[in-house]
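# Make a model of this:
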Amino acid sequence: MRSLRLLLPAAALLAATLALVSVTHGQARTPVTLIVTGGTVITEDAARRVIPSGAVAINHDVIVAVDTAEAIGAKFEGAEVIDARGQVVLPGLVNTHGHAAMVLYRGLGSDLALMDWLNNYIFPAEKKTVSPDFVRVGTRLAALEMIESGTTTFTDMYYFESDVAEATRESGLRAVLGESVIKFPVADAATPEEGLARAEAFIEQWRNDPLITPAVAPHSPYTLEPGTLKAVRALANKYDVPMLIHLAETQDEVKQIDARFHMSPTKFLESLGVWNGKSVAAHAVWVDDADMDILAKRGVGLSHNPESNMKLASGTAPVLKWLAHGIHAGIGTDGAASNNDLDMFEAMRVTAFLHKLANMDPRAMPASLALDLATRGGADVLGMGQKIGSLEVGKQADVITVTMDGARQTPVYDPIAQLVYVNRGDDVRNTIVAGKVLMRDRQVTTLRRADVLRDARAMAERVRSAVK
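Down below sits the predicted model:
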């Protein structure tokens, strides 16, 4: 009895202590590194939740909560707080196809068909001007433009890709970067075999980077021989990295492949086993139902590049048919040399308008679908759907805020329609990648804007002199 009597006060004391701790914890707020609060939060989650006065709590590189501003404020205390009142908060935009350094060729050889533009302007200009320095300067300029316009993840196919990666890491952006392989001599490789070796070295160097996914990028079916295309696939599979390629961009390409191999570009690559692994194909303008069945079966992600396709008069990709076939689809800007900018807001708007017109149906490609393609859809194309593309607990904290308080944005009835049909890249106020603020209230924090522009203008003078 005595031991029981002694134990009772101890048990009571323990219960009281636990109750006190519980109350204390109920009152305390969990510290996090960053809170974005007060704006309309467009989550792009499975339910497509829109929270009118919402907030996102971020700890280091991960989203830990998405809720109302009141609920987040009660539960979390941010070491840094971004006031997003009067703004929309949404996932960072995902650009699924481009050539970052080619921003230095912006406006070179305008108003031409693709083959004329490539063979008579771009390829000769690249032969005379592309170098590691050119690529670093161009990539920094592209990164600055993308940060300022709300792109947080981009895809690249170019030369000296390790230099692209270094400049990208400096900027803080997330990227899938493909070392190009092509059949004729280029700036960083005299032969396709040398290009493959360079690609393998690039993959080995960068495959463990937290923000950069290395890839191998065969230019296209018409600029590579079958053996090289097979070797590219084998290399990508060896390291389990993506393969990036241009596909069926023009009718001329389709005719070339048919003349040589009596197949469409998609079927030709299928016959070689090129689709057997992680693959992202850009354009896919001239694909039929049989092609789309192959692409869906092989899990190939497709990048729609409406502005480039329109400017070069390449055609209109059947994006709604892609989706009907179950193909992952995203939006890309292509290089600024054929766009002529890297503004994904403009790309979303053009995507929506183009497909309404092409289908003669104003209900085709609604704003919500265009936004899906630029966020979660793009993430799925790149095989990153579990990591980015929506504002959800456990995903990487890639977040942007976009102002909605200007004359052009007033009034706001539907924030998603407003984003797609009204807003532009320069309406972005804050850009965050992996929890790091790359732009705060329009001031880029990772790159010195004046230096980037100075270097780009100097490089442009070298380009101008070389192509006279």
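
# only C-alpha atoms for contact and neighbour calcs from this point on.
OK.

# Could you pull out the helices in the stretch 151-300 of the chain for me?
Applying DSSP state H, counting those that start in this stretch to the stretch 151-300 of the chain gives helices spanning 161-171, 192-206, 226-239, 251-261, 265-271, 289-298.

# got CSV for those helices, with distance to His97, mean pLDDT and mean neighbour count too?
Listed next are the helices of the stretch 151-300 of the chain as CSV, based on distance: least, Cα to Cα, whole Å; pLDDT from 0 to 100; neighbours: other Cα atoms under 10 Å:
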stretch, distance to His97, mean pLDDT, mean neighbour count
helix 161-171, 15, 98, 22
helix 192-206, 18, 98, 19
helix 226-239, 18, 98, 18
helix 251-261, 19, 97, 15
helix 265-271, 18, 98, 19
helix 289-298, 17, 98, 17
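
# With respect to Lys395, which of those helices lies nearest?
Proximity of the helices of the stretch 151-300 of the chain to Lys395 was assessed by Cα to Cα; the nearest stretch is helix 161-171, lying at 20.0 Å.

# Give me the contacts around the closest one.
Under the criterion Cα atoms under 8 Å, 6 or more residues apart in numbering, residues 101, 132, 135-136, 139-140, 143-144, 174-175, 177-179, 202, 211-212, 438, 446-447 lie in contact with helix 161-171.

# looking at the helices of the stretch 151-300 of the chain, which is closest to Ser308?
Sorting the helices of the stretch 151-300 of the chain by Cα to Cα, the top spot, which is the nearest, belongs to helix 251-261 at 15.0 Å.

# Not counting its own residues, what contacts that closest one?
221-222, 248, 263-265, 268, 286, 314.

# how far does that helix sit from the chain's center?
In this view, helix 251-261 has its centroid 30 Å away from the chain centroid, taken as Cα atoms, centre = their mean, to the nearest Å.

# ok, so what distance separates Asn237 from Phe202?
Note on Asn237: its distance to Phe202, by Cα to Cα, to the nearest Å, is 15 Å.

# oh, I was asking about Met146
23 Å.

# same question, Ala236
As defined by Cα to Cα, Ala236 lies at a distance of 12 Å from Phe202.

# And stretch 326-345, end to end?
25 Å.

# Ok, stretch 334-345 next?
Taking Cα to Cα, stretch 334-345 runs 14 Å from one end to the other.

# buried ones in that stretch?
Residues of stretch 334-345 classed as buried by neighbour count (16 or more other Cα atoms under 10 Å): 334-345.

# go on, stretch 386-396?
Of all the residues in stretch 386-396, those buried under the rule 16+ other Cα under 10 Å are 387-392, 395-396.

# do stretch 239-253 as well
Along stretch 239-253, these residues count as buried under the neighbour rule (16+ other Cα under 10 Å): 241-250, 253.

# can you put those residues in a markdown table and add distance to Ile416?
Formatted as a markdown table, the buried residues of stretch 239-253 follow (distance: Cα to Cα, whole Å):
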| residue | distance to Ile416 |
| --- | --- |
| Val241 | 34 |
| Pro242 | 31 |
| Met243 | 32 |
| Leu244 | 30 |
| Ile245 | 31 |
| His246 | 31 |
| Leu247 | 31 |
| Ala248 | 32 |
| Glu249 | 30 |
| Thr250 | 32 |
| Glu253 | 37 |
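
# Filter the residues you listed down to just the ones in strands.
Here DSSP state E is the test, and these give 243-247 as lying in strands.

# Let me have those in JSON lines, adding distance to His325 as columns.
Compiled in JSON lines, these are given as follows (distance: Cα to Cα, whole Å):
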{"residue": "Met243", "distance to His325": "21"}
{"residue": "Leu244", "distance to His325": "21"}
{"residue": "Ile245", "distance to His325": "20"}
{"residue": "His246", "distance to His325": "20"}
{"residue": "Leu247", "distance to His325": "17"}
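
# No further questions, thank you.
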